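K.L.:
build the 3D model from these lines:
(one chain, ligands or ions: 3)
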Amino acid sequence: MCGIIGVVAKSPVNQVLYDGLQVLQHRGQDAAGIVTAEGNTFHMHKANGMVRDVFRTRNMRSLKGNMGIAHVRYPTAGSASSSAEAQPFYVNSPFGIVLAHNGNLTNSEQLKEELFQQDLRHVNTNSDSEVLLNVLAHELQESSNNHKLNAAAVFSAVAGVHRRCRGAYAVVAMIAGYGLVAFRDPYGIRPMVIGKTETESGTEYMVASESVAMDTLGFQLMRDVAPGEAILVEQTGEFYSQQCAMNPKYYPCIFEYVYLARPDSVIDGISVYETRLYMGESLAEKIRLTLSPEDIDVVIPIPDTSRPSALQLANRLGVTYREGFIKNRYIGRTFIMPGQAMRKKSVRQKLNPIGIEFKDKNVLLVDDSIVRGTTSKQIVQMAREAGARKVYLASAAPPVRFPNVYGIDMPTRQELLATGRTDDQIALEIGADAVFYQDLDALIAAVTKANPLITHFESSCFNGDYITGDVTPEYLAMIESNRNDGNDDDKASVSTRQLDLNLSSAES
Ligand SMILES: O=P(O)(O)OC[C@H]1O[C@H](OP(=O)(O)OP(=O)(O)O)[C@H](O)[C@@H]1O
Ligand SMILES: NC(=O)CC[C@H](N)C(=O)O
Ligand SMILES: [Mg+2]
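P.N.:
Ligands and ions are numbered 1, 2, ... in the order given. Sure, this is the predicted structure:
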């Protein structure tokens, strides 16, 4: 999950790209970058850090031109601390191309080898996005072999990318002196929307990860980019679109609705906020099977993301809803921080209980999801220390038991709290009196209720079903060994549940 944005305008785009990145900051806090195009020249600035820290006035001044792309990074490949992996990436041939990517390729190792051996291209970092850029560059070189750059050549190059790349990718790219290209993988796993605004000098276009960027920057949402589809906007403002995949299917990532996206976004025609309300309703019904509303004195959300679900859950149960934790507004999202030590420290800095909401009460805490359990372990403890009599914890998402390979950094089963544990064991592990999880069917129903036209979702972290069909136990073992980020607590506890890990269930 990264945030991407691209604009073709009639006036300088540096400020609109900066503002767009601020709105997409929740999708990546590790690095940020902007590239603008002024005639045939690219101007680029990128570095590790939050948007507000990366761009100084002097950087903004140098980002000249009416067309540009930008990225906020939450790393899934390579290393979090490497500024060399900040995006966008650049290649000089053919034509000069820059690219920003949200997602994760599942065959980037093979592609890197292939690029080197067959295409004579060198990839200098461990980033799968640099691989993706070089595949696009090679395909564009092939499709424009008479040196003519036109829509047909661009769409044929994107078709080549679809043939070679596996995994998840929503991409914005720019070709020097020519235009902006955007495309989504054939399953539409990661989101991408397109919008426009009319000016006196003509139509301006924007593509972005989430519709909230359109709302806040004065663009009207046109539609979602379809799975497999490519969009081309020439720098003169000519707009083209074409389906470039052989067999596109709609399987958006369900975790966007659970946690990743902002609630005020609409993704694939589905209001994220509305789905979170429905998640709260169905979770209330699940809880009712075990507890009666009289057993609960108060429902308390774990801010921020769980708020709409918790509110609706409380309404459904007829139990008082209270804000029992105050969130420090200056601390970012903890789940997308790199490294377990930093995540752990940040939860306590970020959330602090209001004593009277807990003292001598039976509290039901609600979170959108429980992944590593970093948040819930500390929150339950805080509730107890504040004097709660009973502490129940409910999750608007089902147990996360399988790694995600499509752009969410949860690569190892060991670090996932629910892998190999029953609900009772999870409650014991986090110190709660009981835990309640949404069922996957109920989660899917909550999302489809907001748009019945989309019926399938990429849900692998809940069911181990990897839709791209290329994720083998060997691949999972490989990413587990590459991306262990030093979660020592989990390494210690995993020995007790290793037998329960079911590798074969990850095959599909
Ligand atoms: O079980 P864990 O590994 O702790 O992960 C899950 C938690 O992390 C996220 O919160 P985060 O602080 O990232 O963002 P938020 O403020 O948007 O809720 C999510 O909303 C859960 O609270
Ligand atoms: N979360 C993402 O979308 C990450 C994009 C890319 N795989 C990277 O690691 O930079
Ligand atoms: Mg949270």
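K.L.:
which positions in the stretch 301-450 of the chain make contact with ligand 2?
P.N.:
Among all residues of the stretch 301-450 of the chain, those adjacent to ligand 2 (criterion: C-beta under 6 Å from any ligand atom) are residue 407. Using the backbone N, CA and C atoms, a C-beta is placed for each residue, glycine as well.
K.L.:
and the helices in the stretch 301-450 of the chain, which stretches?
P.N.:
Ranges of helices within the stretch 301-450 of the chain are 307-317, 340-350, 374-385, 423-430, 440-450, based on DSSP state H, counting those that start in this stretch.
K.L.:
between those, which has the poorest mean confidence score?
P.N.:
Here the helices of the stretch 301-450 of the chain differ in mean pLDDT, and the lowest is helix 340-350 at a mean of 86.
K.L.:
surely residue 313 and residue 277 touch.
P.N.:
No: the pair residue 313 / residue 277 is not scored as a contact, 9.3 Å apart, by C-beta atoms under 8 Å.
K.L.:
the two - which one has more neighbours?
P.N.:
Neighbour tally, residue 313 and residue 277, criterion other C-beta atoms under 10 Å: the higher count belongs to residue 313, 29 against 20.
K.L.:
which non-adjacent residue is nearest the more buried one?
P.N.:
Using C-beta to C-beta, 6 or more residues apart in numbering and skipping residues adjacent in sequence, the residue nearest residue 313 is residue 280, 3.8 Å away.
K.L.:
which of the helices of the stretch 301-450 of the chain sits most buried?
P.N.:
Among the helices of the stretch 301-450 of the chain, judged by mean count of other C-beta atoms under 10 Å, the one packed with the most neighbours on average is helix 307-317 (a mean of 23).
K.L.:
contacting residues around the closest residue to residue 299 other than its chain neighbours?
P.N.:
If the residues on either side of it in the chain are set aside, residue 299 comes closest to residue 314, at 3.8 Å by C-beta to C-beta, 6+ apart. For residue 314, the contacting residues are 280, 284, 299, 320-321, taking C-beta atoms under 8 Å, 6 or more residues apart in numbering as the criterion.
K.L.:
how close does residue 314 sit to residue 370?
P.N.:
Computed as C-beta to C-beta, to the nearest Å, the residue 314 to residue 370 distance reads 19 Å.
K.L.:
ok, residue 422 next?
P.N.:
Here residue 422 is placed at a distance of 14 Å from residue 370 (C-beta to C-beta).
K.L.:
so the two - more neighbours on which side?
P.N.:
residue 370 (26 against 12).
K.L.:
what about the residue nearest to residue 313, neighbour count?
P.N.:
Burial of residue 280, expressed as a neighbour count using other C-beta under 10 Å, amounts to 29.
K.L.:
just the CA trace of the host helix or strand of it, in CSV.
P.N.:
Element membership for residue 280, per DSSP states H and E: helix 272-288. Below are the C-alpha coordinates for helix 272-288, written out as CSV (Å, rounded to 0.1, in the frame of the first residue of the first chain):
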residue,chain,number,x,y,z
VAL,A,272,-15.2,2.9,2.4
TYR,A,273,-17.1,4.6,5.2
GLU,A,274,-20.3,2.8,4.4
THR,A,275,-18.6,-0.6,4.4
ARG,A,276,-17.1,0.1,7.9
LEU,A,277,-20.6,0.9,9.2
TYR,A,278,-21.9,-2.4,7.8
MET,A,279,-18.9,-4.2,9.3
GLY,A,280,-20.0,-2.8,12.7
GLU,A,281,-23.5,-4.1,12.2
SER,A,282,-22.6,-7.6,11.4
LEU,A,283,-20.0,-7.8,14.1
ALA,A,284,-22.7,-6.7,16.6
GLU,A,285,-24.8,-9.7,15.5
LYS,A,286,-21.8,-12.0,16.0
ILE,A,287,-21.2,-10.7,19.5
ARG,A,288,-24.9,-11.1,20.4
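K.L.:
quick one, that helix and helix 440-450 angle?
P.N.:
Computed with axes from the mean of the first three to the mean of the last three C-alpha atoms, to 10 degrees, the direction of helix 272-288 lies at 140 degrees from that of helix 440-450.
K.L.:
show the average pLDDT along helix 272-288.
P.N.:
Averaged across helix 272-288, the pLDDT comes to 98.
K.L.:
check stretch 68-77 too.
P.N.:
Across stretch 68-77, the average pLDDT comes to 92.
K.L.:
give me the neighbour count for the residue of the stretch 101-250 of the chain at minimum distance from ligand 2.
P.N.:
Evaluated by C-beta to the nearest ligand atom, the stretch 101-250 of the chain has residue 102 as its residue closest to ligand 2, separated by 4.1 Å. Residues lying near residue 102 (other C-beta under 10 Å) number 30.
K.L.:
in terms of secondary structure, what does the helix or strand hosting it contact?
P.N.:
Per DSSP H and E: residue 102 is located in strand 97-105. Judged by 3 or more C-beta pairs under 8 Å, 6 or more residues apart in numbering; DSSP states H and E, the packing partners of strand 97-105 are strand 3-8, strand 67-73, strand 89-91, helix 128-143, strand 167-175.
K.L.:
distance to residue 158 and mean neighbour count for those - can I get that in JSON lines?
P.N.:
Putting the helices and strands packed on strand 97-105 into JSON lines (distance: least, C-beta to C-beta, whole Å; neighbours: other C-beta atoms under 10 Å) gives the following:
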{"stretch": "strand 3-8", "distance to residue 158": "14", "mean neighbour count": "30"}
{"stretch": "strand 67-73", "distance to residue 158": "16", "mean neighbour count": "30"}
{"stretch": "strand 89-91", "distance to residue 158": "16", "mean neighbour count": "22"}
{"stretch": "helix 128-143", "distance to residue 158": "8", "mean neighbour count": "24"}
{"stretch": "strand 167-175", "distance to residue 158": "9", "mean neighbour count": "28"}
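K.L.:
what about residue 474, distance to ligand 1?
P.N.:
According to C-beta to the nearest ligand atom, to the nearest Å, residue 474 and ligand 1 sit 26 Å apart.
K.L.:
actually residue 229, not the one I wrote
P.N.:
For residue 229, the distance to ligand 1 under the criterion C-beta to the nearest ligand atom works out to 30 Å.
K.L.:
stretch 447-464: end-to-end distance?
P.N.:
Using C-alpha to C-alpha, to the nearest Å, the end-to-end distance of stretch 447-464 comes to 19 Å.
K.L.:
for it, buried residues please.
P.N.:
By neighbour count on 16 or more other C-beta atoms under 10 Å, the buried set for stretch 447-464 is 447-451, 454, 457-462, 464.
K.L.:
can you give me the strands for the stretch 101-250 of the chain?
P.N.:
With DSSP state E, counting those that start in this stretch as the definition, the stretch 101-250 of the chain shows strands at residue ranges 167-175, 179-184, 193-199, 202-208, 220-224, 229-234, 239-243.
K.L.:
can you put these in JSON lines and add distance to residue 148 and mean pLDDT?
P.N.:
As requested, those are exported to JSON lines (distance: least, C-beta to C-beta, whole Å; pLDDT from 0 to 100):
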{"stretch": "strand 167-175", "distance to residue 148": "13", "mean pLDDT": "98"}
{"stretch": "strand 179-184", "distance to residue 148": "14", "mean pLDDT": "98"}
{"stretch": "strand 193-199", "distance to residue 148": "26", "mean pLDDT": "98"}
{"stretch": "strand 202-208", "distance to residue 148": "23", "mean pLDDT": "98"}
{"stretch": "strand 220-224", "distance to residue 148": "28", "mean pLDDT": "98"}
{"stretch": "strand 229-234", "distance to residue 148": "14", "mean pLDDT": "98"}
{"stretch": "strand 239-243", "distance to residue 148": "15", "mean pLDDT": "98"}
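K.L.:
dump the ones you listed into a markdown table; add distance to ligand 2 as well.
P.N.:
Converted to a markdown table, the strands of the stretch 101-250 of the chain look like this (distance: least, C-beta to the nearest ligand atom, whole Å):
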| stretch | distance to ligand 2 |
| --- | --- |
| strand 167-175 | 8 |
| strand 179-184 | 13 |
| strand 193-199 | 16 |
| strand 202-208 | 14 |
| strand 220-224 | 17 |
| strand 229-234 | 19 |
| strand 239-243 | 23 |
